[in-house]
Each structure stands twice: as structure tokens, then as C-alpha cells.
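Engineer: I would like to see how this sequence folds:
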Amino acid sequence: MDIEVTFPGGKRVDAKVGEFVVQTDQPVELGGAGSAIAPFELFLASLATCAGIYALGFCQARKLPTEGLKLTQRYALDAETKLPAKVSITLQLPDGFPEMYRGAIVRAVEGCKVKKTVLSQPVFEVSALPPRDVVAA
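Structural biologist: A predicted model of the protein is given here:
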């Protein structure tokens, strides 16, 4: 699947993913308008929401209660690189959640595809095409 990125102005960067458009912007203190989530926070949110869908799916598949289910993600930055050095996910299990499933739901959340992708360290490749108005010689 291709993701097409456009630049609608200011510090906005939008991504068309299938039929959806994900809008991003930089915070005011970084020169943006603060009109949307920043790309880095969107990345972190993708980790948290992926973990969340695994937790939700675990409960739904077993017809376990989900009211009160909550996931909190925190991260600690490396002082030198300013990149996340540790990401912690904590599940608040709903009232009545069977103790026998506590370890299993944690293992389910650990299977999050976004986390697995980060851990697999995919190769990134960046290239640039010439402007369309340039005629090849």
C-alpha cells in the first residue's frame, strides 16, 4: 500500500492512507499551528492504539468485560539521542476480569504488530525523483 504525503501549508504534513487522511502539524513552539497531532506523537499513538486493539481483541474473543479496560503508555527519552529509550505499557483491567487471563492478555498485547515492526528494525530507503518539468538529456 502506498501512503501519499501532501504539504497543505505551514508545518502541516498530511498522509493519505487508503480512503483516510491523517493530518499532522507541529506544535506552536516548533513553528506550527498546533492544529493536529505531531508526527512523532502519531507514531507513539500508533504503538499505543495497536497494543490497545490487541487487548480489546483478546477480551472480545473470550467475551470478557471491556468496560473499564484502559491502557496507558509512557516513554522515557535517552538523554543523548532524545529518542525513546524505553516504552512502558500498563493495562488497567476491568472489574471482574478473571485472574487466570492476566498473563495471557499481557502476552497478547506484546504481540502488537507495530511493536514487532519496530523490533524487527526494517531497512529504510529514501530516494528523490527529479522534478517533472526537468527533461532528461
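
Engineer: can you name every helix or strand that the host helix or strand of Ala51 contacts?
Structural biologist: Ala51 is located in helix 39-61, with elements delineated by DSSP states H and E. Helices and strands touching helix 39-61, by 3 or more C-beta pairs under 8 Å, 6 or more residues apart in numbering; DSSP states H and E, are strand 20-24, strand 70-77, strand 84-92, helix 102-110, helix 113-119. For every residue, glycine as well, the C-beta is placed using N, CA and C.

Engineer: rebuild these as TSV, extending it with mean neighbour count.
Structural biologist: As requested, those are exported to TSV (neighbours: other C-beta atoms under 10 Å):
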stretch	mean neighbour count
strand 20-24	13
strand 70-77	12
strand 84-92	13
helix 102-110	14
helix 113-119	14
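
Engineer: save the ones you listed as CSV, and put in distance to Ser46 and mean pLDDT too.
Structural biologist: What follows is the helices and strands packed on helix 39-61, written out as CSV (distance: least, C-beta to C-beta, whole Å; pLDDT from 0 to 100):
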stretch, distance to Ser46, mean pLDDT
strand 20-24, 10, 98
strand 70-77, 11, 98
strand 84-92, 12, 97
helix 102-110, 14, 98
helix 113-119, 5, 97
